[in-house]
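Q: this is the structure alone, sequence omitted:
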């Protein structure tokens with residue numbers, strides 16, 4: 001599968017019949033300027049990142065955008081997440097955020113649920129993320145802390161058998177002939 005041809009998916013989300021949102025994998029809906037501004041100036045994990053790097057990672061990732069739909073049908077880009085993946089065996093969840101003006105509306109929970117139920121977690125042998133601040137949110141959706149704090153692994157309910165597996169008994173290196 002080409003990284004630019006995965007199927008576009010979209011979910012509706014309504015908060016208290018007052019705020020309407022969509023969460024979509026359509027890259028055309030990414031507000032690159034807003035995403036770059038947030039990552040470069042507000043995030044703690046990639047302060048100062050260049051716009052060119054943001055454009056490159058968008059091109060090579062499976063992206064999820066959170067879009068608010070206003071009453072007049074205009075939209076605002078208010079959140080983002082992406083999977084870095086080989087489209088076969090592994091995925092890394094990165095750059096997850098919801099704009100501070102849209103927090104406390106269940107968006108992070110809904111976005112995390114969608115991400116955790118996606119094929120990018122469930123159809124992979126290994127899915128992981130690194131977080132300093134959101135372990136309790138991710139744990140609600142099947143992620144487990146591995147190193148005691150930062151690194152989290154996704155634990156599948158029904159792992160696929162055809163991805164290969166880790167066999168500790170096969171660890172070893174041939175003895176050198178030198």
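A: On my side now, so go ahead. On a predicted model such as this, the values are computed, not experimentally measured, just so you know. Residues are numbered from 1 along each chain as shown.

Q: in this structure, which spans are strands?
A: For the chain, applying DSSP state E gives strands covering 10-15, 19-24, 62-69, 75-85, 90-98, 126-130, 143-145, 151-154.

Q: any low-confidence regions in this protein?
A: Along the chain, the parts satisfying pLDDT under 70 run over 1-6, 149-152, 155-178.

Q: give me that answer again for 80
A: The chain contains residues with pLDDT under 80 at 1-6, 147-178.

Q: mean neighbour count added to the strands of the chain, as a markdown table?
A: C-beta coordinates here come from the backbone N, C-alpha and C atoms, glycine included. Shown next, in a markdown table, are the strands of the chain (neighbours: other CB atoms under 10 Å):
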| stretch | mean neighbour count |
| --- | --- |
| strand 10-15 | 14 |
| strand 19-24 | 19 |
| strand 62-69 | 22 |
| strand 75-85 | 21 |
| strand 90-98 | 21 |
| strand 126-130 | 19 |
| strand 143-145 | 17 |
| strand 151-154 | 18 |
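
Q: now distance to residue 54 too, for the ones you listed, in CSV please.
A: Shown next, in CSV, are these (distance: least, CB to CB, whole Å):
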stretch, distance to residue 54
strand 10-15, 22
strand 19-24, 18
strand 62-69, 11
strand 75-85, 10
strand 90-98, 9
strand 126-130, 19
strand 143-145, 25
strand 151-154, 24
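
Q: of those strands, which is nearest residue 35?
A: strand 75-85 (5.6 Å; CB to CB).

Q: Provide the strand pairings for that closest one, with the direction of each partner.
A: Applying DSSP bridges, strand 75-85 is found paired with strand 62-69 (antiparallel), strand 90-98 (antiparallel).
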